[in-house]
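Peer 1: got a sequence here, can you build the structure:
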Amino acid sequence: MGDSILKSLNVLIDTLSIQPESGGVRIYMRELLRNIREKKAVDSVLICSKSNKDLFSDVCIKKVTIPWETTSRIVRVLTQQIVIPLISIKYKPDLLFSPVDVVPLLNPTPIVVCLHSSH
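Peer 2: As a prediction, this is how the structure comes out:
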């Protein structure tokens, strides 16, 4: 029964904070995506940017690519606060997953945030 519930879950995944030089969170995200793909656990849509889209080129998951760089913290946070809620409205996911601790303040769907230890 648990598998049938998971297979019906649609998840929007914000990868904007993950850059090529990112360490542990990049590895965590790639492993998570590999497991999602292998187990077909959920239907996922990745939100990527021009600066990180190639990090996930081998992952066979649908992607929405923001056509600008998000390496600047200000640009990334503005994108996460304005554009991600609009993408959520368009795709109507069951939830938004953020692998880092930045989420849109006004998002139309529930949010799951991964908090990483600083040590």
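Peer 1: residue contacts, L46?
Peer 2: 13, 15, 33, 56, 59, 61-64 (Cβ atoms under 8 Å, 6 or more residues apart in numbering). All C-beta spots, glycine's among them, are computed from the backbone N, C-alpha and C.
Peer 1: bridged to it, which residues?
Peer 2: Beta-bridge pairing for L46 (DSSP bridges): I13, K63.
Peer 1: for L55, see how far away it is.
Peer 2: 10 Å (Cβ to Cβ, to the nearest Å).
Peer 1: anything in contact with each of the two?
Peer 2: With Cβ under 8 Å, 6+ apart as the test, L46 and L55 both reach T15.
Peer 1: would you turn the contacts of L46 into a markdown table with neighbour count and pLDDT?
Peer 2: Below are the contacts of L46 laid out as a markdown table (neighbours: other Cβ atoms under 10 Å; pLDDT from 0 to 100):
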| residue | neighbour count | pLDDT |
| --- | --- | --- |
| I13 | 25 | 92 |
| T15 | 25 | 90 |
| L33 | 21 | 84 |
| F56 | 20 | 79 |
| V59 | 17 | 75 |
| I61 | 16 | 77 |
| K62 | 10 | 86 |
| K63 | 16 | 90 |
| V64 | 17 | 93 |
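Peer 1: between these, which sits nearest K39?
Peer 2: Relative to K39, the closest of the contacts of L46 is L33; by Cβ to Cβ it sits at 11.1 Å.
Peer 1: the closest residue to the closest one other than its chain neighbours: which element?
Peer 2: Distances taken as Cβ to Cβ, 6 or more residues apart in numbering place V59 nearest to L33, at 4.6 Å, with adjacent residues excluded. In the assignment (DSSP states H and E), V59 maps to no helix and no strand.
Peer 1: got it, and L105?
Peer 2: Judged by DSSP H and E, L105 forms part of no helix or strand.
Peer 1: tell me how many other residues crowd the residue nearest to it when sequence neighbours are not counted.
Peer 2: Leaving aside its chain neighbours, L105 sits nearest to Q81 (6.4 Å; criterion: Cβ to Cβ, 6+ apart). Per other Cβ atoms under 10 Å, the neighbour tally for Q81 reads 15.
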